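Engineer: Structure, please.
(2 chains)
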Amino acid sequence: MEPGFSAEARVYLDHAATTPMIGQAQEAWLSVARQVGNPSSLHAAGRRQRQIVEESRESIAELLGTRPSAVVFTSGGTESDNLAIKGMYWESRRITGASVVAASAIEHHAVLDPVEWLAQDQGASVEWLPVDDFGRVRLDALADVLAGPPVAVCSIMWANNEIGTVQPVTEAAAMCRAAGVPFHTDAVQALGHLPMNLGELGADAVTVSSHKIGGPFGVGALIVDPGSGLTPVLHGGGQERDVRSGTLDAPAIAAFAVAVRHAVEGQRDRARHLIALRERLMAGIESAVPDARINGDRGTSPDARLPGNVHVSFPGCEGDLLLMLLDAAGIDCSTGSACTAGIPEPSHVLLAMGRDEAQARSSLRFSLSESSSQGDVDAVLAALPSAVERARRAGVMDAQVV
Amino acid sequence: MRVIAAMSGGVDSSVAAARLVDAGHEVVGVHLALSKAAATSGRSRGCCTLDDARDARRVADLLGIPFYVWDLSDRFKAEVIDDFLDEYRHGRTPNPCIRCNERIKFAAVLHRARAMGFDAVASGHYAQIRAGAAGPELHRGIDPDKDQSYVLGVLGRDQLAHTLLPIGGDHKSQIRDEAAERGLLVARKPDSHDICFIPDGDTAAFVRSRLGSEPGDIVDDASGAVVGHHDGAHAFTIGQRRGLDLRVPAPDGAPRYVVDVDIATSTVRVGSPELLDVDRIEGDRPTWTGDPLGAEPVAVHAQVRAHGEAIPAEASMDAGRMHVTLMSPVRGLARGQTVVVYDDSRVVGSATVDATRRLVSA
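Structural biologist: Residues are numbered from 1 along each chain as shown, chains lettered A, B, ... in the order given. Got it, this is the predicted structure:
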């Protein structure tokens, strides 16, 4: 395989970053976008848009096992996480004086950064909850934190976006509930891939996003019980229960609701399909690149990692060079870590799992969706050995040039 | 050929990449992230800000080539910034751009590109690579105002063999016009002049902030009298006139310049500008772009600054050190600067200035 950047059939294995908008969602978006009307307006045009928003809210609530009044529409996962973390922190501090924020060390930046900001700017003290070798948050550490000074808010993601490890959120939610601590979970990666019933979960706030499940960009929701106090982040017209302001994006919300239906109703079949592909890809990588190391949970249970997630470290390789070489071979994947202007940072998730910086830079994430096929998996397995060899040679050169 | 085009986001490297695409090469654009601090400040006039990365990305989009950012900031810090400070710590005045070309752009980047299956690295430098009898030769760029062969004068043949310099045969004005014709938004972007990791251009403040202060005397070179004080000798460079804050005026009222910096005693010596004229240079750390010089002096032209004049000279080697005798003196040459020797337009090699001899003795 030589570097070549042809536009012919590409293999897209970065569905955890975003996944194609499904046809029904496109149609729903377009049909609502063709109509005039602000959902907050009192006239007929406004009422018609409002009806679409409310029907979408009811549909999403039913599919997720919660009440319509718990669905607060937002601009997406980042806003939902910010609203939950900051809103619950401010509310708790105001009412009880609690100032401790507890969060797992492997959260997405949309949680990590608001928590850091609360610590630096708002007087919070942070308890980062450690994870085990699989990247699963340690509940004994949570128990210790809950036994300490009053906790204002606790946030643990449902499933990790990089390594795919499913977190013990039901247990964590119950522990927080017993301690009287508001609990938030970022379920952006879990929705559509894992069974989800928010009524049974017992969390105070849950983040979901549209574009990860076949809906449009720029819309999501925070599922938060109306009884849970929440200080707004965005102030204005108070459109969403006075908790979130901003004109409601009716076309996006309608399409989001369609995508949620698709995600939830197809979850079981999707998971079965993806687990089969995932196992084939992981086994294939292990045999093609013997020293490759699968990160996350490898084998304790098929349900212990996201069905479509494969995350691998390739010793001696820079992940971003591997990504570039696979890109040249027609394969879209990810290093799974955060980017600033395209500059890869070592994965904070792998660092939290005790890996060193070189290991944390040597990883790739392949994330599958229902449209993924065995052909996609086989294309990766065909391209990977030579990409790894080249990236490794580049890494050796890097070391020698000093 | 498969080529990595180093894309700074400026007009030169943008046109260079465009020409490679036109020539039918398979081109991949790479922006080098060299300084994490500059990348976040966003206002640097250097070459590695977020704005520059964005500009480079937009040019790559327009050219229809893949584009990546390579984070070489750790290596840049170790090889260029730390070296820069270490040189200042020892009272020398390095050229970090030369160091970057030698260790980063045409070393780390080139090695990485080769390992990944690319044939060459291209840049937007104003210099030319020509085929010679003994291998590739490095020549001055056509545009005398923009010629950058000096900062590439540390490259060897093996590096030149895998380097492309697509714009060295043109004048800057032509490159700007071409960028405009191609519709590149960077066509009118100002040139970068500063050291990229010192965006405000205040080298002395940068050095002082990193190396700390160590107060000492400023001494008149002729009389030995203490004429002022300073808070760190390493922030001074031979030839410097500003920022001396002398308490005692010169007897003749003439301006005085830094003529020597003695780190060991933390002493800065000042004197009249004639004291800065040197005609003999000794350099260590020689590099060879062409055939190495021998013990027999040969006629060359020597250049000691990026846009300095080429001075007729004789150069030879003795015990691993380059000896250069200038036919006309050069003023204000500091240890640590690079002397590049030319045969007409062709770069022969370089050395790092380690000792100079004054025409006028103190």
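Engineer: How about the contacts made by the residue of the stretch 51-200 of chain A found nearest chain B?
Structural biologist: With Cβ to the nearest Cβ as the measure, A:Asp113 is the residue of the stretch 51-200 of chain A nearest to chain B, at 14.5 Å. (Glycine included, C-beta is placed from N, CA and C.) By Cβ atoms under 8 Å, 6 or more residues apart in numbering or on different chains, no residues touch A:Asp113.
Engineer: in what helix or strand does it lie?
Structural biologist: Assigned by DSSP states H and E, A:Asp113 belongs to helix A:109-121.
Engineer: now the helix or strand just after that helix: how far from the chain's centre is it?
Structural biologist: Heading C-terminal from helix A:109-121, the first helix or strand you meet, by DSSP H and E, is strand A:125-129. Put simply, strand A:125-129 sits 20 Å off its chain's centre (Cα atoms, centre = their mean, to the nearest Å).
Engineer: and strand A:125-129 with helix A:109-121, angle?
Structural biologist: 150 degrees (axes from the mean of the first three to the mean of the last three Cα atoms, to 10 degrees).
Engineer: Show me which positions of strand A:125-129 end up buried.
Structural biologist: Within strand A:125-129, the residues that count as buried by 16 or more other Cβ atoms under 10 Å in any protein chain shown are A:Glu127, A:Trp128, A:Leu129.
Engineer: And that strand, what does it pack against?
Structural biologist: strand A:100-104, helix A:109-121, helix A:139-146 (3 or more Cβ pairs under 8 Å, 6 or more residues apart in numbering or on different chains; DSSP states H and E).
Engineer: how about a cut-off of 10 Å?
Structural biologist: Contacts defined by 3 or more Cβ pairs under 10 Å, 6 or more residues apart in numbering or on different chains; DSSP states H and E place strand A:125-129 against strand A:100-104, helix A:109-121, helix A:139-146, strand A:151-155.
Engineer: That one pairs with which strands, parallel or anti?
Structural biologist: strand A:100-104 (parallel) (DSSP bridges).
Engineer: how about the partner strand: buried residues?
Structural biologist: Across strand A:100-104, burial judged by 16+ other Cβ under 10 Å covers A:Val100, A:Val101, A:Ala102, A:Ala103, A:Ser104.
Engineer: Would you mind listing the residues in contact with the last one?
Structural biologist: The neighbours of A:Ser104, taking Cβ atoms under 10 Å, 6 or more residues apart in numbering or on different chains as the test, are A:111-112, A:128-131, A:135-138, A:141-142, A:154-157, A:160, A:167, A:172, A:185-186, A:349, A:352.
Engineer: Switch the buried residues of strand A:100-104 over to a markdown table; also include pLDDT.
Structural biologist: Formatted as a markdown table, these follow (pLDDT from 0 to 100):
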| residue | pLDDT |
| --- | --- |
| A:Val100 | 98 |
| A:Val101 | 98 |
| A:Ala102 | 98 |
| A:Ala103 | 98 |
| A:Ser104 | 98 |
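Engineer: nearest residue to B:Ala222 other than its sequence neighbours?
Structural biologist: Nearest residue to B:Ala222, sequence neighbours excluded (Cβ to Cβ, 6 or more residues apart in numbering or on different chains): B:Gly271, at 5.9 Å.
Engineer: residue contacts, the one you found?
Structural biologist: Contacts of B:Gly271 by Cβ under 10 Å, 6+ apart are B:219-223, B:250, B:254, B:256-260, B:360, B:362.
Engineer: buried subset of those?
Structural biologist: Buried among the contacts of B:Gly271 (16+ other Cβ under 10 Å): B:Val219, B:Asp220, B:Asp221, B:Ala222, B:Ala250, B:Arg256, B:Tyr257, B:Val258, B:Val259, B:Asp260.
Engineer: Quick one, grab the pLDDT at residue 188.
Structural biologist: Since no chain was named, I'll use chain A. On pLDDT, A:Val188 comes in at 98.
Engineer: Wait, chain B was what I had in mind.
Structural biologist: As predicted, B:Arg188 sits at a pLDDT of 82.
Engineer: Kindly tell me how buried the nearest residue to A:Asp133 once chain neighbours are set aside is, as a neighbour count.
Structural biologist: Sequence neighbours aside, A:Met353 is the residue nearest to A:Asp133 in space, at 6.3 Å (criterion: Cβ to Cβ, 6+ apart). A:Met353 sits with 23 neighbouring residues when counted by other Cβ atoms under 10 Å in any protein chain shown.
Engineer: Return the distance of A:Met353 relative to chain B.
Structural biologist: 22 Å (Cβ to the nearest Cβ, to the nearest Å).
Engineer: For the helix holding A:Asp113, what is the distance to the chain centroid?
Structural biologist: 17 Å.
Engineer: which parts of that helix are buried?
Structural biologist: A:His109, A:Ala110, A:Val111, A:Leu112, A:Asp113, A:Pro114, A:Val115, A:Leu118.
Engineer: biggest helix in the chain by residues?
Structural biologist: Let's take chain A. helix A:374-400 (DSSP state H).
Engineer: could you do chain B instead?
Structural biologist: helix B:50-63.
Engineer: Establish whether that one and chain A are in contact.
Structural biologist: Yes. Shown here: helix B:50-63 in contact with chain A (Cβ under 10 Å from any Cβ of the partner chain) through B:Leu50, B:Asp51, B:Asp52, B:Ala53, B:Arg54, B:Arg57.
Engineer: Checking the closest residue to B:Arg357 other than its chain neighbours next. Helix, strand or coil?
Structural biologist: In space, and not counting its chain neighbours, B:Arg357 is closest to B:Arg280: 3.8 Å by Cβ to Cβ, 6+ apart. Recorded secondary structure, B:Arg280: strand (DSSP: H, G, I helix; E, B strand; the rest coil).
Engineer: Relative to B:Leu211, which of the contacts of B:Gly271 is nearest.
Structural biologist: B:Val258 (17.0 Å; Cβ to Cβ).
Engineer: so which strand or helix has the closest one?
Structural biologist: strand B:257-262.
Engineer: Tell me the one of the buried residues of strand A:125-129 nearest B:Lys172?
Structural biologist: A:Trp128 (52.8 Å).
Engineer: how about that closest one, what does it touch?
Structural biologist: A:Val101, A:Ala102, A:Ala103, A:Ser104, A:Ala105, A:Ile106, A:Glu107, A:Leu112, A:Val115, A:Ala141, A:Val145, A:Ala352 are the contacts of A:Trp128 under Cβ under 10 Å, 6+ apart.
Engineer: what's the spacing between the first one and A:Val151?
Structural biologist: Using Cβ to Cβ, to the nearest Å, one obtains 7 Å as the distance from A:Val101 to A:Val151.
Engineer: Which pLDDT value goes with the residue lying farthest from the centre of chain B?
Structural biologist: Distance from the C-alpha centroid of chain B peaks at B:Pro251, with 37.4 Å (Cα atoms, centre = their mean). B:Pro251 is assigned 75 on the pLDDT scale.
Engineer: give me phi/psi at it?
Structural biologist: phi -50, psi -40 (degrees, to the nearest 10).
Engineer: How many neighbouring residues does residue 86 have?
Structural biologist: Here I'm looking at chain A. 22.
Engineer: right idea, wrong chain: chain B
Structural biologist: 12.
Engineer: was I right about it contacting B:Pro96?
Structural biologist: No. Using Cβ atoms under 10 Å, B:Asp86 is not in contact with B:Pro96, being 11.5 Å away.
Engineer: Report how many residues lie close to A:Leu364.
Structural biologist: For A:Leu364, using other Cβ under 10 Å, the count is 29.
Engineer: hang on, the earlier thing: which residues do A:Val101 and A:Val151 both contact?
Structural biologist: Counting by Cβ under 10 Å, 6+ apart, the common neighbours of A:Val101 and A:Val151 are A:Tyr89, A:Ser92, A:Ser125, A:Glu127, A:Val145.
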